[in-house]
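[1] Compute the structure for the input listed below.
(chains A and B)
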Amino acid sequence: MIYDYFCNKINEVVYRRKFCQKRCFRIIKFLNMLQPRVRFAPSPTGALHIGGLRTALYNYLFAKKLGGTFILRIEDTDQTRYVAGAEKYITDALEWVGLDLNESPNLGGNFGPYRQSERKEMYGEFGHLLVKNGWGYYAFDTEEELNKKREEAEKNKQTFSYNVHTRNSLRNSLTLPKNEVEQLLNSGADFTIRLKCPADEIIYVNDIVRGQVEFQSNLLDDKVMLKSDGMPTYHLANVVDDYSMKITHVIRGEEWLPSTAHHVLLYRALGWEDKMPHFAHLPLILKPAPASYINNKNVDSLTEKFTSEFYKKNPNFTLKPKQEVQKMIRGILLDVNNISSRVQIKNKDKEDKIIIKEFLKSTLFGKLSKRDGDRLGFPVFPLAWQGEKEDDSFIGFREVGFDPKALINFLAFLGWNPGTEQEIFSLDELVEAFSLERIGKSGARFDYEKAKWYNQQYLIHGNDEEIAQQLKSIFDQKGWYTSNKKITKIAALYKERATFLNDIPNKAAFIFSDGFSYDEKNARKKWKEKNAAKNYELIDILKNTTDFSPENLEQVIKDFITDNELGFGDVMSPMRIALSGVAGGPSLFDIIYLIGKGRTIDRLKKGYQYFENL
RNA sequence: GCUCCUGUAGCCAAAUUGGUAAGGCACGCGACUUUCUAUCGUGUAAUUGCGGGUUCGAUCCCCGUCAGGAGUUCCA
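    Have a look, this model is predicted:
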C-alpha cells in the first residue's frame, strides 16, 4: 500500500521535473514520503468550526497512515483578531475527538516555537531578503491611499490590484529614487514589503486533489509579505514556517488555492523550491441543501428568523413594508423545488426584490458558516463556545450529545470516501483506509441528518454494559435507582430507539416515575368496554404470577389471550398505555419486567379505571 | 468585473490511465409480539448541468455555454 503510494509520488516528481533532476533530490522526496510532517495551522480568532476540525482530521489521518508527524501551529500574526481562549478551545477540541498531536505549543518539539507571534524575528529577516534578491520591494502607500484606489475602481466595476500593471505608478522602492527610499526608511516611515510577481509567466501548482492548476503571473497581485507593524502576513509566515519546520505536505482548505501561486513563487524567491511541500486543497463544506430542511412545519419559524436577520443586515430598508418582505421570503422558502432558481436575480427585478433575493441567496447557499447553526438548529462547532456577546456564543456537538467517534466518522466522509461500501470507521480504521487521492473535488454538503445517523449507529453498535454505565450516572443524578442488570436491559432496548444517549432517559422515564400522562387518543381507541372484565381478570392472574421474567410473562399473557379468544391488541395495547402512557416502545413483556410486579399491578388498575371514564 | 475551482436521482456520493451508472440519507411497500418517530427486508427514482466535437464506444478527453462556490484585505 505504502509502496504503491510511493511509486505514484515518485512518478509524479519525475514527470514534473522532466526526469533530469538530480537523483538526490528524488531521494529526499522519497524519504519525506516515508515520514511526512504535516501541520494543522489555525488562527486563534474564535471557536474552531467543523471545517477546521476536518482539516485537522485529514492531516492527522495522513500523518498516522505513513507513520509521520502531526503538528499544531498557531497562526496568530494578526494581533487585532486575537481572541483569548481560542487556542485552548482548539487543543480541547482536538483532545475531545482524540486527535493526538506530536508537536505543539504545549508539547514543544524540535522545530519550535509553535506560535507565530513567538517567531516574529525570523520573518522580518526573510522579508528583507526578498527585497535584496529582487523578489520584493518596499511599498509606502498608506492604507487610505489604497482604499481610495479600490473605491475608484469599484465605481468603474473593476477591482484595483497592486500588480505588474499598477506597481509602477504607486509609491514604492521601484518607482521612488533610491535616496528618497533610503530617507523614508531611515526616517521610520511606515512601509510594507510586497512580493514582486514576475511578468508573462505561467505558474503551475501541482495539487494532489485537483491535479495541475495554472495561474497567469500577470494577474497575480503583489501581496504584502511584511506588514507595517513588522508582522508577516499569512503568506510569508506560512512559507517560512513550513520550510523551517520541514513540512512535507500542506493539507488545507480550498480557499487557499488561489493564493498558492504566490506561495510557489515565495519558495522560489527564497531558494527553497526543492523543499517545497506537496499541496492538497480540501473541498469546502457547504450549507445544507435548503430542500433538505425546509418543510411546511418549520417554514413559519424560518421565515420569522430570516426576516429578522434581513432587517439586522439591512436596517435602513424601507422600500417595502415588513409584512410584504416577510411574505416574499416565505414564498421563496416554500417553493422548495424551485428554490435555487427562484432566488436567481432577474433583469426585471426591482431594487427591493434584488436586495431581498441577494440576502436569501447568501444565507441559503455557499460555505457553511457559524450563523447557520443558530439559524437551522444544529451545531457547527465541536465544543460550546462562550463569546463576549450572546450573539457570539454557541453550543457544540459535544453538548448536543454526540459521541466524538461518530463526529469523526461523519467528518471523515465530508469530502472523502474509501470507495468501498463501508461507512462505519473507527479512527484507527480511518487511518488505515485514508488516502489523499480519494478526497473529492466538489464542495461537500453538510447534512445534519447524516451526522445524527452516524451517532445513532455508534449508539446501536455500542456495548450494552458501557452504555449502561453512562446511563447509571445520569439516573443517579435524577434519583432513579434500579439494579445494574435492569439498567443494562434498558440500554439494550432503548439504544436502538435513540439518536443520542441523552434521549434514553427521556424515553425511559416512565420506568422510574409515575408522573406521565396517557396517550388519550390511543387509549380511547384500544380500550373496549366489552373486554374490560377480561382485562381486569388478567391483573389478578399477574398478581398470582411469581416469575416476572420477560419469557414467562410472554407465556402467561399469550396463553390468557388465546384461551379467551381475544385479540393481541385488545389486551396488550391498553396494558402498554397504562404502564408507560404511550402505545409505542419496546416489547411489552420487557416493559413489565423493568417496571416490576408491584408497580405493574398498581398502574394497570389505575390506568384501566382512567380509561373507563374517558 | 477579473482569477481559480466545481456541476452524477429530492440530498450526500462511487465508478483512480474511455467499455452505457455502487452505496448511504430521505421516501414507498412488506416483515418484525395486530405497538414504534426503532430494527430488518424490499422497491421507486439519473437521457451524468446544457450544446457540439474526437472515438466502435465518453460521467471520464477537447471546445463552447449555463449554473453554483471560493478568492480578489497591511484577514487567516
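
[2] count of neighbours near residue A:193?
    When neighbours are counted by other C-beta atoms under 10 Å, residue A:193 registers 29. (Each C-beta comes from the backbone N, C-alpha and C, glycine too.)

[3] Next: residue A:560.
    Residue A:560 has 16 neighbouring residues, counting by other C-beta under 10 Å.

[4] again with the one 3 residues further on
    For residue A:563, the tally of surrounding residues (other C-beta under 10 Å) stands at 8.

[5] That one and RNA strand B, how far apart?
    Going from residue A:563 to RNA strand B by C-beta to the nearest atom of the strand, to the nearest Å gives 15 Å.

[6] now swap in residue A:581 and tell me
    Distance from residue A:581 to RNA strand B, by C-beta to the nearest atom of the strand: 10 Å.

[7] How about residue A:119?
    Distance from residue A:119 to RNA strand B, counting by C-beta to the nearest atom of the strand: 13 Å.

[8] Retrieve the pLDDT associated with that residue.
    Here, the pLDDT recorded for residue A:119 equals 93.

[9] how about the helix or strand residue A:599 falls within: buried residues?
    Assigned by DSSP states H and E, residue A:599 belongs to helix A:597-612. Buried residues in helix A:597-612, defined by neighbour count with 16 or more other C-beta atoms under 10 Å: A:600, A:603, A:604, A:607, A:608, A:611.

[10] restrict those to contacts with RNA strand B.
    For RNA strand B, no contacts are drawn from the buried residues of helix A:597-612 by C-beta under 7 Å from any atom of the strand.

[11] Tabulate the residues you listed (TSV), appending distance to residue A:404 and pLDDT.
    Formatted as TSV, the buried residues of helix A:597-612 follow (distance: C-beta to C-beta, whole Å; pLDDT from 0 to 100):
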residue	distance to residue A:404	pLDDT
A:600	39	89
A:603	39	90
A:604	43	88
A:607	42	87
A:608	46	87
A:611	45	85
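
[12] Now do the strands for chain A: every range, in order, please.
    A:37-40, A:69-72, A:136-139, A:192-195, A:202-207, A:211-216, A:224-226, A:249-253, A:278-282, A:285-286, A:444-445 (DSSP state E).

[13] what about the residue nearest to residue A:166 when sequence neighbours are not counted, distance to residue A:153?
    By the measure of C-beta to C-beta, 6 or more residues apart in numbering, the closest residue to residue A:166 outside its immediate chain neighbours is residue A:160, 7.3 Å from it. Distance of residue A:160 to residue A:153, computed by C-beta to C-beta, to the nearest Å: 4 Å.

[14] These two: which has the busier surroundings?
    More crowded of residue A:160 and residue A:153, by other C-beta under 10 Å: residue A:160, with 17 against 14.

[15] Which residues are in contact with that one?
    Residue A:160 sits next to A:146, A:149, A:150, A:152, A:153, A:154, A:166 when contact means C-beta atoms under 8 Å, 6 or more residues apart in numbering.

[16] Need the pLDDT of the last one.
    Put plainly, it is residue A:166. In this model, residue A:166 is scored at 90, pLDDT.

[17] so where is chain A shaky, pLDDT-wise?
    The model of chain A has pLDDT under 70 over residues A:1-34, A:335-342, A:344, A:346-348.

[18] redo that, cut-off 80
    Flagging of chain A using pLDDT under 80 yields the residue ranges A:1-34, A:112, A:154-158, A:289-299, A:332-354, A:389-391, A:520-521, A:525, A:529-530, A:614.

[19] Where do the helices of the stretch 301-450 of chain A begin and end?
    Under the criterion DSSP state H, counting those that start in this stretch, the stretch 301-450 of chain A contains helices at A:322-334, A:339-342, A:351-364, A:370-376, A:397-400, A:404-412, A:427-433, A:448-460.

[20] could those helices go into TSV alongside distance to RNA strand B and mean neighbour count?
    Listed next are those as TSV, based on distance: least, C-beta to the nearest atom of the strand, whole Å; neighbours: other C-beta atoms under 10 Å:
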stretch	distance to RNA strand B	mean neighbour count
helix A:322-334	13	17
helix A:339-342	6	14
helix A:351-364	6	17
helix A:370-376	11	18
helix A:397-400	17	19
helix A:404-412	10	23
helix A:427-433	10	16
helix A:448-460	4	18
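
[21] would you turn those into CSV with distance to residue A:127?
    Formatted as CSV, the helices of the stretch 301-450 of chain A follow (distance: least, C-beta to C-beta, whole Å):
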stretch, distance to residue A:127
helix A:322-334, 49
helix A:339-342, 46
helix A:351-364, 36
helix A:370-376, 33
helix A:397-400, 40
helix A:404-412, 37
helix A:427-433, 39
helix A:448-460, 44
